[in-house]
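Peer 1: here you go, sequence then predicted model.
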Amino acid sequence: MHIGMSTVFQNPNKHLSDHQVYRNELRLADLAEPLGYQSIWGVEHHFTDYTMCPDVLQFLSYMAGRTQQALLGSMVVVLPWHDPVRVAEEFIMLDNLSDGRVIVGIGRGLARVEYEGFRLNMAESRGRFNESAHLLVRALEDGFAEYDGDYIRQPRVEIRPNPFRSFHGRTYAAAISPESGPVLAKLGVGVLIIPQKPWRDVQAELTAYRATWQEVNDAQPPPAPVVVTFAYCDENEDRAQEMAHRYVGAYWESVMRHYEFRSDHLRTTRGYEYYGNFTDKINAYGDRDVQDFFVGLQVTGTPEQCYQKALEIHGYTATDSLVAAFSYGGIPYPDAENSMRLFATQVMPELKKFNPT
């Protein structure tokens, strides 16, 4: 199994200066390759302390120059917020700079604060994402960008530098709503999973994705999904449980605020109706139970418990790649580093030996 790490750049309640958060997050990212993590991932968000990484490809370019072998993954570049031609150029340029180490991750975004900040209509996001993704996937393969749609009208232009190897098998998109899977299968891209729902639901949606893939693509199977987790690893089981509930729970609370899951606006925004179900579940189960459920989806606990949780996730998803974030929710950086190191020495070697096939 491939094991990566992700930076999140959270600064809840401005508990540190943003500059100090960057110094700490970059220090953790610098540890990734020496500790044996096989990829480094970043996320894109804007305007709040939820995630202070407005340009994930700039961050990955920085890490490309500080590493030798680690793959470089975006989770994700939010296509409706960008000119897709520029996104294609930037991915291909980074792939040339890093000698082919890029993993492409794309998505359509969910936060009203970000859409409004970019003066964009959220109700257009699905159409903009679909058109941008079609342009991008083709441009990454043949080095030319061209599209004639409702939102994007792009005359044919050549991408320079040209792509020098295929992005098939290393292009993913975030999928949360059930209708996303078949769309991604038709695009020929893999699935990036950020745990938010029962694993049996994820399993069922992956089954639908794979069925559509078989219908529209060659006999070659789809890439195994990439699963992201908010990890905490500690030798002491009680401490592991307490830290996970405190800080993974704090991360979930930041999700609730950033995406406004306690309000009804997603239910009434075209293309986001599915997310209105989150509000229903919160009202039905209560904040605490929903938070506990989210914490329980993650890879936390003692080294042995982390290993078993990772295998459980594989059982539902058939993933061959686990990407762990260790710094989130205001967790003290010494604790994040200790967790990251313990996971690297006691969990990662066993997971790397595990053959998902």
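Peer 2: Perfect, thanks for sending it.
Peer 1: so residue 145, which state does it fall into?
Peer 2: Using DSSP: H, G, I helix; E, B strand; the rest coil, the secondary structure recorded for residue 145 is strand.
Peer 1: model confidence for it, exactly?
Peer 2: The predicted structure scores residue 145 at 98 on the pLDDT scale.
Peer 1: surely it meets residue 137?
Peer 2: No. Residue 145 sits out of contact with residue 137 when judged by CB atoms under 8 Å, with a separation of 10.9 Å. All C-beta spots, glycine's among them, are computed from the backbone N, C-alpha and C.
Peer 1: out of those two, which sits in the more crowded spot?
Peer 2: The residue with the greater number of neighbours, taking residue 145 and residue 137 and applying other CB atoms under 10 Å, is residue 145; the counts read 24 against 20.
Peer 1: give the contact list for residue 31.
Peer 2: When contacts are counted by CB atoms under 8 Å, 6 or more residues apart in numbering, residue 31 touches 337, 340-341.
Peer 1: go with 6 Å
Peer 2: Shown here is residue 31, which makes no contacts under the criterion CB atoms under 6 Å, 6 or more residues apart in numbering.
Peer 1: work out for me the element it sits within.
Peer 2: helix 18-35 (DSSP states H and E).
Peer 1: pLDDT on that helix, on average?
Peer 2: For helix 18-35, mean pLDDT rounds to 98.
Peer 1: after it, next one along is what?
Peer 2: Stepping forward along the backbone from helix 18-35, the first helix or strand reached (DSSP H and E) is strand 39-42.
Peer 1: any idea how far that next one is from the chain center?
Peer 2: Here strand 39-42 shows a centroid-to-chain-centroid distance of 9 Å under the convention CA atoms, centre = their mean, to the nearest Å.
Peer 1: now the helix or strand that comes right after it: buried residues?
Peer 2: The element immediately downstream of strand 39-42 (helix or strand, assigned by DSSP H and E) is helix 56-66. When burial is assessed from 16 or more other CB atoms under 10 Å, helix 56-66 yields the following buried residues: 56-57, 59-61, 63-64.
Peer 1: and stretch 64-75, how far apart are its ends?
Peer 2: Start and end residues of stretch 64-75 are separated by 16 Å (CA to CA, to the nearest Å).
Peer 1: what comes up buried for that stretch?
Peer 2: Going by 16+ other CB under 10 Å, stretch 64-75 has these buried residues: 64, 67, 70-75.
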